[in-house]
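Trainee: Need a 3D model of the following:
(2 chains)
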Amino acid sequence: MLSRVAENLYWMARYVERAENTARLISVNSSLLLDLPRGIAPGWSPLISIMGLNSEFDSRVKEPGERQVVRFLVGDRGNSGSIISSLHHARENCRTVRDILPREIWENLNELYLYAQESVNVGLTKQGRFDYLQQIIRGSATFIGIIASVQSRDEAFDFLRIGRNLERADMTTRIIDVRSADLLPDDVADLRPFDTIQWVSVLNSLSGYQMYRRHMQMQVRRAAVLKFLLQDNRFPRAVRHCLDAVEACLVNLQNNEPVVKQLRLLVKKVERAKVGQLEQTALHDYIDELQLSITKVHAALAESYFPKPQLQRQSAG
Amino acid sequence: MAIDFTTYQIPTYDEALSRTNRARSHAVPLLRVLREIGEEDLASRQAAAEMAIKGMGITFTVYSEGAAIDRAWPFDIIPRIIPKQEWDGIRAGLRQRVKALNLFIDDLYHKQQIVEDGVFPREVLAKSKNFRPQCVGIDPPLGIWAHICGSDLVRDSDGGVYVLEDNLRVPSGVSYMLENRLITKRVLPELFDEYAPLPVDDYPSQLFDTLSDLCPSRDRQPEVVVLTPGIYNSAYFEHAYLAQQMGCELVEGSDLFVDRDDVVYMRTINGPQRVDVIYRRIDDEFMDPEVFNRESILGVPGLMRAWKAGNVALANAPGAGVADDKVVYAFVPDIIKYYLNEKPLLPNVPTYRCMYAEELEYVLGHLHQLVVKPANESGGYGMLMGPSSSKAEREKFARLISEDPRNYIAQPMVGISTVPTVVGKHLEARHVDLRPFILSGSKIQVTAGGLTRVALRKGSLVVNSSQGGGSKDTWIVDTGGS
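Mentor: Okay, the predicted model is just below:
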């Protein structure tokens, strides 16, 4: 497989996953805000922090109100992390690797992008928002489903799956980070019911509420939710599970040692932490460390398999 | 409302209806089905086809469109039907033509016997923009230079079929031919009950076999790749499509490199991998910055070295475009006679060569009746349509031609035939041409039909997609009779 193709497949999967996670976040935040009393509602700015888009947002938009944030995250083409931009990048990446993918994958992505683009104005209204975001999430599920059902388990499949799972692991850590920091301290008894609502919202943004109940068999508590979202190896959006999936693909590739090495370091960090005991600041530092390690896995992958920038320049000269 | 064919206006020759607005025999079932479908349903099926095209992402690119780089491919749902008995004759003519053209190209890069024998003028060769001195003396595999040829055919008002031009560089459109059939199956399934059109979908495997034939070594499974200039090229869709259908890699220039052993490699996740055959969809000039355009970032430095060393096959071979020239075109009947000692089976459109004084004089005196074409432009650019031109345009062309007569040819307006085409809720006559594709490897194969391009604007004769053209599915049908 061409190095350029491997890179495009990887990013295509990441972008689709990013669009889906953004849609999930907005959707859950919308319903969460309806459940919380006004005084303690965290509002919309945490979403910008989760996506790591603070500076981009501040330079383009003044006020972090609902309308502005939703527009920025859904339909702003100037925001490279918006749903519309992510799907655009995914589609452009797909166009360049269209030859090696089953046509259904391209058609699905093409239709998803066209839908996102053509319905964006409806999606930005309060009434239309939920349906619009659901369509994006379903479109991403279809994308993954088509890949699962028609793509051979070859290198293309591995790079798609690696991209999706690294992005997913990254997004899960981001959601934990910002949501938990904003959550209320555990010891304020009066606010306990609302605290639970917030942790439920964290689980919901990852469609993990039901699975949490089934597998953890306990009430929604901070420590248990953190353990579930970081260390569970059965829930497909848990960090640990995502990393296992990356490793399962890496072992199929040649010259994988440097990447596997970085990945194992990261897995160790995830496995060994006593996440339930981490207080607010410590948790934040820990999540930072995880994100840094995810970046290192990406760098090792790029170094081993993607086109080297200087090689491209040389042949272009 | 039922469709009324009595008000259908026929400007020259219509392929489905006779001059008295009766169905031609091969089109009787077609018109019957269309009548049954009716106006409302016809429009909704056209809309369904357009939706399908959008969803399938069948696109082409128009230059200088800014951000929206791909546009949906305009398609008309009414197929163009050609009786197989007639097609067999056209097919034989195309095979003959391409065979002769390949002999001609090979001769030009070797002994130039045809020039020595005075059949092909030396001054035409001397002024050819597409003759590549770098290719002289090279022996490509099987002696074939133009492995993929797309010849444009038109039907005149007398019903006869003529060759309008041969595209021997990087002819495009075959992917649309294949996709059109898929869409027709979706939107007009009942028409398949009436006819059994010859299938077209074996083209990608024939192309792959043709390319595999060129592999420099018999010891290994040939590594065939499609070389594209990238997603901003107008035919990118097709490059990706063909690579996908053949199951081979679609590469860009930066994916390939030529090592010191003069072998072409592609950069893969497992390191360099040898490439045997390149179906290149990049023009000669951009292929190798070491030899041609030094500014090219699309090409692969050293590619010509590897080709000359016989380590890689290129299709079409560099320099094949020498026969893809509107002046050379005028000599094709002579070329066929010279190499094959046969009478041309498919006629050319009568062509005036401005390089000859008496023909030039005729052209300058009859600009208002003629179509003037520059020798080396494609896509319908830089043409003069005499009958619809202004005085200023004719004066401009008279000046251009006089300055560089070798670069121009002129032809009488051919009464290009029409086919019923959906316009809103009814059918109107729109002009069409036909581009069949001819593959030359160890054998010569012709597509069953080809790509019918249709000028969607009323009265327009320009079928190029860059200028308001669309396409139709083309059906070769066995109607039993003769």
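
Trainee: quick one: secondary structure of A:Tyr115?
Mentor: Recorded secondary structure, A:Tyr115: helix (DSSP: H, G, I helix; E, B strand; the rest coil).

Trainee: Now for it: which residues touch it?
Mentor: A:Gln135, A:Gly139 (Cβ atoms under 8 Å, 6 or more residues apart in numbering or on different chains). Every residue, glycine included, has its C-beta placed from N, CA and C.

Trainee: cool, B:Tyr338 as well?
Mentor: B:Ala100, B:Ile114, B:Asp117, B:Val119, B:Phe120 are the contacts of B:Tyr338 under Cβ under 8 Å, 6+ apart.

Trainee: Farthest-apart pair in those residues, please.
Mentor: Greatest spacing in the contacts of B:Tyr338, by Cβ to Cβ: B:Ala100 and B:Asp117 (14.7 Å).

Trainee: With neighbour numbers in mind, choose between those two.
Mentor: B:Ala100 (22 against 9; other Cβ atoms under 10 Å in any protein chain shown).

Trainee: any idea how far B:Pro333 is from B:Leu345?
Mentor: Distance, B:Leu345 to B:Pro333, using Cβ to Cβ, to the nearest Å: 10 Å.

Trainee: which one of these two has more residues nearby?
Mentor: B:Pro333 (18 against 15).

Trainee: Is the residue of the stretch 151-300 of chain B found nearest chain A within a helix or a strand, and which one?
Mentor: Using Cβ to the nearest Cβ, the closest approach of the stretch 151-300 of chain B to chain A is made by B:Ala243 at 3.6 Å. Here B:Ala243 is covered by helix B:236-246, with elements defined by DSSP states H and E.

Trainee: Quick one: neighbours of the closest residue to A:Ile136 other than its chain neighbours, just the number.
Mentor: Using Cβ to Cβ, 6 or more residues apart in numbering or on different chains and skipping residues adjacent in sequence, the residue nearest A:Ile136 is A:Ala23, 4.1 Å away. A:Ala23 has 26 neighbours, counted by other Cβ under 10 Å.

Trainee: Surely A:Ala23 and A:Ile83 touch.
Mentor: Yes - in this structure A:Ala23 lies within contact range of A:Ile83 using Cβ atoms under 8 Å: 6.0 Å.

Trainee: Rounded mean pLDDT for the helix holding B:Ala243, please.
Mentor: For helix B:236-246, mean pLDDT rounds to 90.

Trainee: cool, stretch B:96-103 as well?
Mentor: Stretch B:96-103 comes out at a mean pLDDT of 97.

Trainee: which residues are common contacts for A:Ala23 and A:Ile83?
Mentor: A:Ile136.

Trainee: Endpoints of stretch B:166-173, how far apart?
Mentor: Stretch B:166-173 has an end-to-end distance of 14 Å (Cα to Cα, to the nearest Å).

Trainee: How about that stretch and chain A, touching?
Mentor: No - using Cβ under 8 Å from any Cβ of the partner chain, stretch B:166-173 stays clear of chain A, coming no nearer than 15.5 Å.

Trainee: one step back: for the helix holding B:Ala243, packing partners?
Mentor: helix A:83-96, helix B:174-187, helix B:203-212, strand B:224-227, strand B:249-251 (3 or more Cβ pairs under 8 Å, 6 or more residues apart in numbering or on different chains; DSSP states H and E).

Trainee: Report the buried residues of that helix.
Mentor: Neighbour-count burial for helix B:236-246, with 16 or more other Cβ atoms under 10 Å in any protein chain shown as criterion, is recorded at B:Tyr236, B:Phe237, B:Glu238, B:His239, B:Ala240, B:Tyr241, B:Leu242, B:Ala243, B:Gln244, B:Gln245, B:Met246.
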